[in-house]
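> this is a predicted model, with the sequence first.
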Amino acid sequence: MNNIFKFSIGILSALAFAWLAFVIGARKQFGDLEPTSSFLEDNGSIPEGAELFPKQLAGIAQQGAKEYISLGCTTCHTQQVRLEDSGFDVERGWGKRPSVARDYIFHEDITIGNTRVGPDLANIGLRSYSKEWLHQHLFEPQSLISESICPPSPFLYEEKDFDTNNAIKLTEDQIDKPRFIVPSLKANRIVSYLASLKQDYELPEMSFIQQDEELIETSELSTVSVSENSDSNLSELPTWLASQIASGKEIYMKAAPGGGLCFTCHQPTGLGLPGQFPPLAGSDWVLGDKERLIKISMHGLMGEIEVNGVKYNNVMAPPGIPPGSLTDQQIADVLTYIRNDWGNSASSVSPAEVANIRSKVKDRAPMQMWTSAELKSN
Amino acid sequence: MKFTAEQIIDKSAKWVISFFIASAGLWLLAAALLAYCAAAKLTDPFFLSTFEFFTYGKVKIAQANAFVYGWGGNSIFAVSIWIIARLAQAELRGRFLLIASGIIWNVGITLGLLGILDGHMNAHEMLEMPREIWPLLFISYSVIASFIIVTHRSRSKHETIAPQWFILASLLWFPALFIIAWNGLEINPARGTLQAVLSMWFGQSLIWLWLTPFALGVAYYLIPAITGRPIDKYYLAIFGFWCIALLAPWSVVHHLEGGPVPMWIPAIGTVMSIAMIFPIAVASTNFHATAFKDIDIVWNNLPLRFVIFGTLSYTISSYIGVVFSLPAVAKLTQFSIINEFHFNQRVYGFFSMIVFGAVYHMLPRVTGKDIPVGAKSFHFWTSALGVLMLLLAYLIGGLTHGVLAQQPSLDWASSVIASIRPYFLITQIAFVILGLSQLVFVINIWKVLFPNPFQFLNNSSNDSAKNAVA
């Protein structure tokens, strides 16, 4: 104790024990978890072509996570559904199952938090809130839930007393003098982030917990179209995602072999042309089920279709030059791109998923276009 | 004039100590103001809500950082310098570098807090200040700690005693914790929830291995110094010391119970938290058996009254902490505002009270001027009242919060949160009382440190430290 060097060595090695366990030991045990499929083969391997979970967060959502942290939302909100015998989180409707370490492997900064003044947000994207609601809540929670102490963030919005392009109407004073808010880029990022928070898949180590009442509604992604001013700031994305989006954009805009020509009909803005070509920006199809999108990209689409409540009746020949020639990688890229530009933000599509669908429909004739009804019945 | 050895030592350290105490005082006030704002925002969410830099989350985090690094850091430097120099019977070394590093430390924290308010918050517990600031803080800290250790090594007596172990250990643990956490979170970042384990480990260890041993060391020094009695059952102190060194780094992760991490992590935390009973009992016996031999002196000597308030609060709330780490209870209170209770009892009820006592004991000796008794005792009673209100509100509020949150049928905002809002109001009042009390404290110490603040206008050759502080 009297020699400062021996003393330092003593107290620091006491610390080193804990370091060995928490840093080295824990890292060894669960530092390199990988995505996996919901169910494994008997021998523990991933079934061929199975969808892998968890997915990367979309670019805009990853930026939203940064804003979420910088505003200190973690001081009041956790993002972890506890195990069944530790609490009643699942019963409360905060998730379909407890969270596990693997759910977080793609999160750049971990926001699991440790105080719940507000509800857990691990599955906020699964609750039946529209993006509009989330914007209204972010702007002023008290306009929706009068007792709320969630802090209002009016500084993220521009207030207007008339309706403009991307404005969202505030519910409180609908009657006499309506007010509108226009979300800023930050607000859009945060809302996309919140909407993307969902542990809606099963993992080999944790399956859904059955409940008597249907407390949790699995919502399709909301159909509200969000503002235009997306900015897929590619430099902030993980490189593989950024390169997938960049190559997708090229295919979208290309009118030569290997290209998809999509822009000629859906326009570079993704807005389509009224009455003729449906929009991709904010489209409930684009943000929805991936299988349908993959099918459309392989064989095309015809007949009546409803996009965001508007009906179209036209023909989309199988994309590609020659028609129907896009490869798995190209389809994956272009779909990932249309799901993450113009304010869209949804999970990416991998070539493996495309290959999986392709093998499912391998008996279909090459030019036999899908109809909306056919896609919906599957 | 002839000086005693003590006076020479005190004189050697006078400006350095004054600098650190004066800055600590300012940080204390800044933290009190932020704490009030945060509390006010919980009772009225529209309070100053239109400013982006002042949204609840940022204010709350800035407050914790101002408190721990600003007030905690500076007062640790000031008091360790004095106690280590006194015990070493050696003059303080490196005065100029100490003040220079102190300025860097304070500038770093100021920039860090502005960074938080400006939206550059980091996601890791107690490492929320922007990345760029940390090298600055780390270097200035290392310089300060090194000179304290140099002073310690030039001591005249070879044998060391308990206050020295605790204070030196706390000085050494902080950089070690920092390096581990920084390496695992920034340089070579861990993936997934491992990050959360590490960041929680750092945040909690900071309190257990930096603030706590320091405050215990001060108590080990002041209690015998003031009462004039040796520590009762002193032979237990070394056992208590090594228990903390070995157990505390393990015991801090029980907050992850049921979370998305391997089960052994919270489980080991729980076991070790329970084992913490030993060091708590040792410290409690050492302190209270010594001090309560003579109740009168505890009652009448103000610095000692502060210290004993702190040690009692340490004992009682550490036992409460042990109870709350039992899995059956942890399940209820884990995510509730009881976390605020744990934090505030450590930093206010225990650490700050002991530092107040130490400052009141030390300042008259260092500066040769006394602080009026009335002001000191106003400070004591308002602090005691404020701390008790705060802790009770968080304790009872936290239990209510935890129990109601476990009823899945209760609506969150209108039942669970509505029933803890009265406690938020109490904490808001408590922060007003604490704020006032700390204002009196800071005015007092500033008056003693700089009796004539505008003297330098007349006499510009005066010390530069004063300008740096002003």
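Cool, got the structure. Numbering: from 1, shown residues only, chains lettered A, B, ... in the order given.
> would you mind naming what in the stretch 101-250 of chain B lies close to chain A?
B:119-123, B:149, B:152-153, B:158-160, B:165, B:168-169, B:172-173, B:176-177, B:180, B:184, B:190-201, B:209, B:238, B:242, B:245-246, B:249-250 (CB under 8 Å from any CB of the partner chain). C-beta here means a position set from N, CA and C on the backbone, and glycine is covered the same way.
> give me the helices and strands touching the helix or strand harbouring A:Y68, please.
Assigned by DSSP states H and E, A:Y68 belongs to helix A:59-70. Contacting helix A:59-70 under the criterion 3 or more CB pairs under 8 Å, 6 or more residues apart in numbering or on different chains; DSSP states H and E are the following elements: helix A:185-196, helix A:239-253.
> dump the ones you listed into CSV; add mean pLDDT as well.
Output for the helices and strands packed on helix A:59-70, formatted as CSV (pLDDT from 0 to 100):
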stretch, mean pLDDT
helix A:185-196, 90
helix A:239-253, 84
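> looking at those helices, which is buried most?
helix A:185-196 (a mean of 25; mean count of other CB atoms under 10 Å in any protein chain shown).
> how would you label A:E158: helix, strand or coil?
strand (DSSP: H, G, I helix; E, B strand; the rest coil).
> neighbours of it, how many?
14 (other CB atoms under 10 Å in any protein chain shown).
> pretty sure it contacts A:A187?
No - with contact defined as CB atoms under 8 Å, A:E158 does not reach A:A187; the gap is 9.7 Å.
> which of the helices and strands packed on helix A:59-70 sits closest to chain B?
Closest to chain B of the helices and strands packed on helix A:59-70 is helix A:185-196 (CB to the nearest CB; 9.1 Å).
> what does the stretch 301-450 of chain B put close to chain A?
Contact residues, the stretch 301-450 of chain B versus chain A (CB under 8 Å from any CB): B:331, B:334-337, B:339-340, B:405-408, B:412-414, B:417-418, B:421.
> can I have the buried ones of those as a PyMOL selection?
Buried subset of these, written as a PyMOL selection, criterion 16 or more other CB atoms under 10 Å in any protein chain shown:
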select buried, chain B and resi 331+334+335+336+337+339+340+405+406+412+413+417
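> so how far is B:L436 from the closest residue to chain A within chain B?
Ranked by CB to the nearest CB, the top residue of chain B for proximity to chain A is B:G57, at 1.6 Å. Distance of B:G57 to B:L436, given as CB to CB, to the nearest Å: 26 Å.
> give me every residue that touches the closest residue to A:P257 other than its chain neighbours.
In space, and not counting its chain neighbours, A:P257 is closest to A:I321: 5.0 Å by CB to CB, 6 or more residues apart in numbering or on different chains. With contact taken as CB atoms under 8 Å, 6 or more residues apart in numbering or on different chains, A:I321 is in contact with A:A255, A:A256, A:P257, A:G258, A:G259, A:L261.
> quick check: A:I321 is in a helix.
No - secondary structure of A:I321 (three-state DSSP): coil, not part of a helix.
> sorry, back to before: the residue of chain B closest to chain A: neighbour count?
If you count neighbours by other CB under 10 Å, B:G57 ends up with 22.
> A:T74 is in contact with that one, correct?
Yes - using CB under 8 Å, B:G57 makes contact with A:T74 at a distance of 7.2 Å.
> assumed B:F77 was part of a strand.
No - under three-state DSSP, B:F77 sits outside any strand and is assigned helix.
> any bit of the helix or strand where B:F278 lies sitting next to chain A?
Here B:F278, judged by DSSP H and E, is contained in helix B:277-291. No - interface with chain A: helix B:277-291 contributes nothing (CB under 8 Å from any CB), its closest point being 12.5 Å away.
> buried stuff in that helix?
Counting neighbours by 16+ other CB under 10 Å, the buried set in helix B:277-291 is B:P279, B:I280, B:A281, B:V282, B:A283, B:S284, B:T285, B:N286, B:F287, B:H288, B:T290, B:A291.
> and that helix, average pLDDT?
Mean pLDDT, computed over helix B:277-291, is 88.
> one more: stretch B:424-439?
The pLDDT scores in stretch B:424-439 average 93.
> neighbouring contacts of it?
B:28-29, B:32-33, B:35-36, B:39-40, B:42-43, B:340, B:348, B:378-379, B:382-383, B:385-387, B:389-390, B:392-394, B:397.
> what residues does the closest residue to B:Y69 other than its chain neighbours make contact with?
Spatially, and ignoring its direct neighbours in sequence, B:Y69 is nearest to B:I109 (5.2 Å; CB to CB, 6+ apart). Residues near B:I109 by CB under 8 Å, 6+ apart: B:W27, B:N65, B:A66, B:Y69, B:G70, B:G73, B:M129, B:I133, B:L137.
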